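Participant: Sequence below, structure please.
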Amino acid sequence: MSLPLVVSVRPDSPADEAGVAVGDAICTINGEQPRDVIRYQLLVDEPDVELEIDRGGIRRVFEVVKADGEPLGIEVQSAIFDQVRTCDNHCGFCFIYQLPPGMRKSLYLKDDDYRLSFLYGNFTTLTRFTEADLERVITEGLSPLYVSIHATDRAKRSEMLRNRRGATSLRWLSALLDAGVEVHGQIVVCPGINDGDVLADTLLNVLDQYPALASLAVVPLGISDYSNEPDMRSHSASEAGVVVDLVEEWQQIYLNVLGRRLVYAADEYYLLAERPFPLAESYEGFAMHEDGIGMVRTFELELSGQSDSVVGTASGFFAWVDGAPAEGYRAARTESPVMLRPSSKAPVAIITSTYGAMVLRPLLEQIGSSARLVVVENKYFGGNIGVAGLMVGEDVARTLANQPQGHRYLLPDVCLQSDRFLDGLTVTDLPRQVEVIGTDGVSLRRALGLERRTPAVAGLGEVT
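Facilitator: Presented below is the predicted three-dimensional model:
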């Protein structure tokens, strides 16, 4: 087990006043060696914390005097101090298997750790879940959790996960729900494998066996050029339409039986099927916003000025891997705001992905914005990858190289983690200066200098 390493100490905090310094390794807290940041936070929440510190090979004890619940003022390097529980499934649709070579090593780590599900919203299949894990989740209140379901048929789920435990591991989902743990589910739909009758059967079994699920996201399979799975392919427009119809049919069934819709199709399905998006009220609070459910509607409300509250705090793909702060648990997209404006009167261009352009184009037309779109084709991953969160520096740089100098180029921060793209490049490596803004409608509205307005947005359906 590795020791939690102190990476920052807030000035004038209890830890700072006690003499704790950056680089210290925490051996024990009140005599206990924590195995993850969850236990760490519970221990340091106590008043008058005793820290045993390893500093340069010499162990010392620090008495930290503080009030009950007062923050210690320390940020540690990572979320898991013992070994991350890796995934032993071999799903043909797993995106980690589809990554191009040469990315940073941490991105190729597959986890199936319920602790990372609690901390970051990572989805777990529960195939490595144990009775001890269940006891800890219940006693420490580790909720919500996020579970990959994919199929409820035992044989089909085992086949998809390529793991015999896939046939039985959903028993833990029942146990979690019975204990009152909030659980959000996900189904990655693979055309020809778990769509059609299999998907319908899964939605029926959810109603029968797991009606206490907080929500259920139905998302399409993402395929890069690096997939080696011949059975994995993209949805056609007609197949996407069938999924949308099935989900909306079951939404009404759930609504009639449970009083809530429960299941939602990802925004990407509506784009693929060229269907209007559901009304904002249909998302019932946007519980699965970070899984691509209702992002377009929330963005629309924010951009049009009907909402000043940013819904969701998505941290971008793989945001958890390189370390977690002790407070907040989410890696920052940017270390500091990047505001590189040639001129406030310069022409404005919004850098976006292919799917992003499909959403932004009608919105900008409706609000009368003169901003143009710079659409980045994702050649780095290839395949059907077209979301803004997977834009990489190489593709953005190639696209910007053909753009005029002196314009304002707005870059959504969802494609960054700690100022870096997934391919390791930074905004300073780009051939044009860019202005990094939040990936939400409020941030874009402010960057465009728009006043509040409340139009219905053409092409997306009525705004509620």
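
Participant: Distance from the chain centre to the longest helix anywhere in the chain, please.
Facilitator: The residue-count maximum for a helix in the chain (DSSP state H) belongs to helix 237-258. Per C-alpha atoms, centre = their mean, to the nearest Å, the displacement of helix 237-258 from the mean C-alpha position of its chain is 24 Å.

Participant: in its sheet, what does the helix or strand following that helix sit against?
Facilitator: As assigned by DSSP states H and E, the chain's next helix or strand after helix 237-258 is strand 263-265. With DSSP bridges as the test, strand 263-265 is paired with strand 215-220 (parallel).

Participant: tell me the angle of the strand it pairs with relative to helix 237-258?
Facilitator: On the basis of axes from the mean of the first three to the mean of the last three C-alpha atoms, to 10 degrees, strand 215-220 is oriented at 170 degrees to helix 237-258.

Participant: Not counting strand 215-220 itself, show me its contacts.
Facilitator: The contact list for strand 215-220, computed with C-beta atoms under 8 Å, 6 or more residues apart in numbering, reads 149, 184-189, 199, 203, 206, 234-235, 240, 243, 247, 262-266, 268-269, 272, 287-288, 291-293. (Glycine included, C-beta is placed from N, CA and C.)

Participant: helices and strands around whichever strand or helix holds residue 296, which ones?
Facilitator: Using DSSP H and E, residue 296 falls within helix 295-304. Applying 3 or more C-beta pairs under 8 Å, 6 or more residues apart in numbering; DSSP states H and E, we find helix 295-304 packed against helix 267-273, helix 354-367, helix 441-447.

Participant: from these, which stretch is densest packed?
Facilitator: The highest mean neighbour count among the helices and strands packed on helix 295-304, using mean count of other C-beta atoms under 10 Å, belongs to helix 267-273: a mean of 22.

Participant: Drop anything exposed from the contacts of strand 215-220.
Facilitator: 149, 184-189, 199, 203, 206, 235, 240, 243, 247, 262-266, 268-269, 272, 287-288, 291-293 (16 or more other C-beta atoms under 10 Å).

Participant: gap between the residue of the chain most remote from its centre and residue 30?
Facilitator: In the chain, the residue that sits farthest from the middle, by C-alpha atoms, centre = their mean, is residue 58; the gap is 39.8 Å. According to C-beta to C-beta, to the nearest Å, residue 58 and residue 30 sit 21 Å apart.

Participant: How about residue 208?
Facilitator: 46 Å.

Participant: swap in residue 23?
Facilitator: 22 Å.

Participant: Please apply the same query to residue 189.
Facilitator: Relative to residue 30, residue 189 is positioned 48 Å away (criterion: C-beta to C-beta).

Participant: Need the contact partners of the helix or strand containing residue 135.
Facilitator: Using DSSP H and E, residue 135 sits in helix 131-140. Residues from elsewhere that reach helix 131-140, judged by C-beta under 8 Å, 6+ apart: 38, 42, 114, 118, 142, 143, 145, 172, 175, 176, 179, 181.

Participant: Take those residues and keep only those in strands.
Facilitator: Counting by DSSP state E, the part of those found in strands is residue 145.

Participant: Out of the contacts of helix 131-140, flag the one nearest to residue 412.
Facilitator: Distance to residue 412, by C-beta to C-beta, is smallest for residue 118 among these, at 27.0 Å.

Participant: My read is that that closest one contacts residue 145, right?
Facilitator: Yes - at 5.9 Å, residue 118 counts as touching residue 145 under the criterion of C-beta atoms under 8 Å.

Participant: Residue 26 in helix, strand or coil?
Facilitator: Under DSSP: H, G, I helix; E, B strand; the rest coil, residue 26 falls in the strand class.

Participant: Which residue, other than its chain neighbours, is closest to it?
Facilitator: Leaving aside its sequence neighbours, residue 26 sits nearest to residue 4 (C-beta to C-beta, 6 or more residues apart in numbering; 4.7 Å).

Participant: OK, contacts around that neighbour?
Facilitator: Counting by C-beta under 8 Å, 6+ apart, residue 4 touches 25, 26, 34, 37, 40, 76, 77, 78, 81.

Participant: what's the most distant pair in those?
Facilitator: Taking C-beta to C-beta, no two of the contacts of residue 4 sit farther apart than 25 and 37, at 14.6 Å.

Participant: These two: who's more crowded?
Facilitator: residue 37 (23 against 18; other C-beta atoms under 10 Å).

Participant: Report pLDDT for that one.
Facilitator: Residue 37 is assigned 88 on the pLDDT scale.

Participant: Likewise for the one 4 residues further on?
Facilitator: As predicted, residue 41 sits at a pLDDT of 87.

Participant: just the one 10 residues further on next, same as before
Facilitator: On pLDDT, residue 51 comes in at 96.

Participant: Next: residue 336.
Facilitator: Residue 336 is assigned a predicted lDDT (pLDDT) of 51.

Participant: Determine how far the last residue of stretch 73-82 lies from the first.
Facilitator: One end of stretch 73-82 to the other measures 22 Å (C-alpha to C-alpha, to the nearest Å).

Participant: So for it, mean pLDDT?
Facilitator: For stretch 73-82, the per-residue pLDDT averages 88.

Participant: In it, which of the residues would be classed as buried?
Facilitator: Residues of stretch 73-82 classed as buried by neighbour count (16+ other C-beta under 10 Å): 73, 74, 75, 76, 77, 78, 79, 80, 81.

Participant: Ok, stretch 195-207 next?
Facilitator: For stretch 195-207, by 16+ other C-beta under 10 Å, it's 195, 198, 199, 202, 203, 206, 207.

Participant: so who does the fourth one touch?
Facilitator: Residues in contact with residue 202, defined by C-beta under 8 Å, 6+ apart, are 149, 150, 151, 152, 153, 187, 194.

Participant: how far away is it from residue 153?
Facilitator: Taking C-beta to C-beta, one finds residue 202 at 7 Å from residue 153.

Participant: Report the rounded mean pLDDT for the helix holding residue 135.
Facilitator: For helix 131-140, the mean confidence score works out to 96.

Participant: Wait, residue 80 touches residue 114, no?
Facilitator: No - between residue 80 and residue 114 there is no contact, the gap being 11.3 Å when judged by C-beta under 8 Å.

Participant: how about the strands in the stretch 1-150 of the chain?
Facilitator: Remark: strands assigned in the stretch 1-150 of the chain by DSSP state E, counting those that start in this stretch are 6-9, 25-29, 49-55, 58-64, 74-76, 145-148.

Participant: now these in CSV, with distance to residue 218?
Facilitator: Shown next, in CSV, are the strands of the stretch 1-150 of the chain (distance: least, C-beta to C-beta, whole Å):
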stretch, distance to residue 218
strand 6-9, 39
strand 25-29, 42
strand 49-55, 45
strand 58-64, 48
strand 74-76, 36
strand 145-148, 12
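
Participant: quick one: which of these has the weakest pLDDT on average?
Facilitator: strand 74-76 (a mean of 88).

Participant: And the helices in the stretch 51-200 of the chain?
Facilitator: In the stretch 51-200 of the chain, the helices defined using DSSP state H, counting those that start in this stretch lie at 114-120, 131-140, 154-161, 171-178, 196-209.

Participant: Sweet, I'm off.
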